[in-house]
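> Build me a structure from this.
(one chain, ligands or ions: 1)
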Amino acid sequence: MKFAHLSDTHLGYRQYGLGEREKDFYEVFEKIIDKIIEEDVDFVIHSGDLFETAKPSPNALLAFQKGLLKLKGAGIPMYAVAGNHDSLMRKDAIPPQVLFKKFGLKVISPINTNYMHENIFIAGLPFYPNSQNKNLKKKLAELSEKAANHEKSILVLHQGIDKYLPFNNELEIGDIPKNFDYYALGHIHKFIEDNFGNGKLVYPGSTEIWKSDEVEDLKKNGKGFVVVDMSSPKINIKRVSINMPREFITKNIDFNNLAIEINSLKTLIKNFDKKPILNLIIYNVKNNIKDIYEFINKELGDLALMIKPNFKMKEEKSDLDIILKQNKSLDPKELLANKLNEYGNKKITQLGIELYDSLSKDNQELSSKLIQQYYNKMLFDKNEPNNEPNTKKNQIRFKEALS
Ligand SMILES: [Mn+2]
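Residues are numbered from 1 along each chain as shown. Below is the predicted model of the structure:
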């Protein structure tokens, strides 16, 4: 018994507002369906975020309908849960997946939590937000109990788990029941394969680059789906990668070599089938962003679908950098003294150091005494006792002293 597991296809996503990117997502989905049929599997599991939104456009719905009917023609049914993208977080709302029941889609929902595919128990739940955590755990316990009656079982979920997603997760790894054989997960967009419970836990990842930080995962694992073979007790997982329709290129460019680097990029991309997305990080930039922007656009504008430039200014050295360079010491008292010396007034330096000492010991009484003494010495004659700092005369003298 073999099945294909995919997730996070995000049909209808118009990345950067570009129709071309929307089509890329459809193209990848079509390729995946063809590949699944080639793999001659018995059924397919989709772990959510089938669509980008809970109200997909007719184009997105048609792209899915086309793929689903192709599978149906090949005698391959599909089981699916809704993800956070294709659910409306509202009571009694139904996900767009429901539209395809008549086309043979087996929707796994809180009402229809489980199916039998021959001897395999397939159970699951749609995405539950954090606020529904208790409910989710209760439902998981119920499914685990049901699975105990079956020899082979699959749990389908669209959730973040702390072990793989440290922030923004809804479940801890300990919350997942251990008696399933395969955990068909969705939500995390990179490919994850782990041992868990009796068997394997897999996030196939998104099928296209949904966010530019997924490029790294694409390079490492490829984008695509997995084929799971459950015929023998030891589960076998095969990763199937799909060629992406379009390249994402990230390049760091030193402004001092701008012309050369842009030219080499131009040579690289000019024969691409589809215009790439360019992520350009240009560093050592002075105050000429507008000129650089215009230059890049003139050179590459026609060859790229989108250019995302990121300008990094040439760094100005801070005071602290200078002090640290001059003094290799990190002793705060020494650094303070060096800084105060810049005023060229020994008395100020001395006051600063004395205040540093007294305030380090939280001796506020001594500190105010030191300040009082300093200003008395600086502002008033010794012959003029009982000076009150707030008299008008004193304020004027104070200003003169500072100017
Ligand atoms: Mn997703």
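
> Tell me how many other residues crowd Pro245.
The local packing of Pro245 (other Cβ atoms under 10 Å) involves 17 other residues. (Each C-beta comes from the backbone N, C-alpha and C, glycine too.)

> That one belongs to a helix?
No - with DSSP: H, G, I helix; E, B strand; the rest coil as the criterion, Pro245 is coil rather than part of a helix.

> Could you measure from it over to Ala63?
Distance of Pro245 to Ala63, given as Cβ to Cβ, to the nearest Å: 14 Å.

> repeat for Glu365
Separation of Glu365 from Ala63 (Cβ to Cβ): 77 Å.

> When these two are compared, which one has more neighbours?
Ala63 (24 against 8).

> for the more buried one, helix, strand, or coil?
Assignment for Ala63 (three-state DSSP): helix.

> State the pLDDT value of it.
Note for Ala63: predicted pLDDT of 98.

> In contact with it, which residues?
Each residue near Ala63 by Cβ atoms under 8 Å, 6 or more residues apart in numbering is listed here: 11-12, 26, 29-30.

> what's the distance between it and Leu69?
11 Å.

> got the contact list for Leu18?
305-306.

> distance of it from Lys66?
Relative to Lys66, Leu18 is positioned 22 Å away (Cβ to Cβ).

> now do Ile154
Relative to Lys66, and taking Cβ to Cβ, Ile154 is found at 26 Å.

> Those two: which is more packed in?
Counted by other Cβ under 10 Å, Ile154 and Lys66 do not tie: Ile154 has more neighbours, with 27 against 13.

> Could you confirm the more buried one falls within a helix?
No - counting by three-state DSSP, Ile154 is located in no helix; its state is strand.

> That one pairs with what?
Bridge pairing for Ile154 (DSSP bridges) gives the partners Ile122, Tyr182.

> Contacts only, for it.
Neighbouring residues of Ile154 by Cβ under 8 Å, 6+ apart: 45, 120-124, 180-184.

> Next up, phi/psi of the residue nearest to Glu247 when sequence neighbours are not counted, please.
Closest residue to Glu247 apart from its sequence neighbours, by Cβ to Cβ, 6 or more residues apart in numbering: Pro276 at 4.0 Å. As for Pro276, its main-chain torsions (degrees, to the nearest 10) stand at phi -80, psi 170.

> same deal with Asp254?
phi -80, psi 130.

> just the one 4 residues further on next, same as before
Backbone geometry at Leu258, expressed as degrees, to the nearest 10, gives phi -50, psi -50.

> mind checking pLDDT for it?
Note on Leu258: pLDDT of 93.

> same question, Ala337
85.

> can you give me phi and psi for it?
Per-residue torsions, Ala337: phi -60, psi -40 (degrees, to the nearest 10).

> Might one say that it is in contact with Ile353?
Yes - if you go by Cβ atoms under 8 Å, Ala337 and Ile353 touch, sitting 6.0 Å apart.

> Need the pLDDT of the residue nearest in space to the middle of the chain.
In the chain, the residue lying closest to the centroid (Cα atoms, centre = their mean) is Asp213, at 6.7 Å. If you check Asp213, the pLDDT there is 88.

> Let's verify it: helix, strand, or coil?
helix.

> please renumber so the chain begins at 403
Understood, numbering begins at 403; the last thing we discussed is Asp615.

> Report the contact partners of it.
With contacts defined as Cβ under 8 Å, 6+ apart, Asp615 has no neighbours.

> Residue ranges of each domain in the protein, please.
404-644, 650-715, 721-804 (automatic domain parsing).

> Comparing the ones you listed, which comes out most buried?
When you average the neighbours per residue for each of those (mean count of other Cβ atoms under 10 Å), domain 404-644 leads with a mean of 19.

> can you pull out the strands in the stretch 503-652 of the chain?
For the stretch 503-652 of the chain, the strands defined by DSSP state E, counting those that start in this stretch occupy 508-509, 516-519, 522-526, 554-560, 584-588, 594-598, 601-605, 625-631, 638-644, 650-656.

> so which of the ones you listed comes closest to the ion?
The closest approach between the ion and any of those, judged by Cβ to the ion, belongs to strand 584-588 at 6.8 Å.

> Direction-wise, compare the closest one with strand 601-605 and give the angle.
Strand 584-588 and strand 601-605 are oriented at 10 degrees to each other (axes from the mean of the first three to the mean of the last three Cα atoms, to 10 degrees).

> Can you confirm whether strand 584-588 lies near the ion?
No - judged by Cβ under 5 Å from the ion, strand 584-588 and the ion are separated, with a smallest distance of 6.8 Å.

> and that strand, how far from the chain's centre?
How far strand 584-588 lies from its chain's middle: 21 Å, per Cα atoms, centre = their mean, to the nearest Å.

> Return the mean pLDDT over that strand, rounded to an integer.
98.

> what's the angle from it to strand 638-644?
Per the same axes, to 10 degrees, the angle that strand 584-588 makes with strand 638-644 is 30 degrees.

> ok, and what's touching strand 584-588?
With Cβ under 8 Å, 6+ apart as the test, strand 584-588 has contacts from 407, 409-410, 447-451, 483, 485, 526, 555-561, 563, 578, 594, 598-599, 601-606, 630, 632, 637.

> just the angle between it and strand 554-560, please?
Going by the same axes, to 10 degrees, strand 584-588 makes 10 degrees with strand 554-560.
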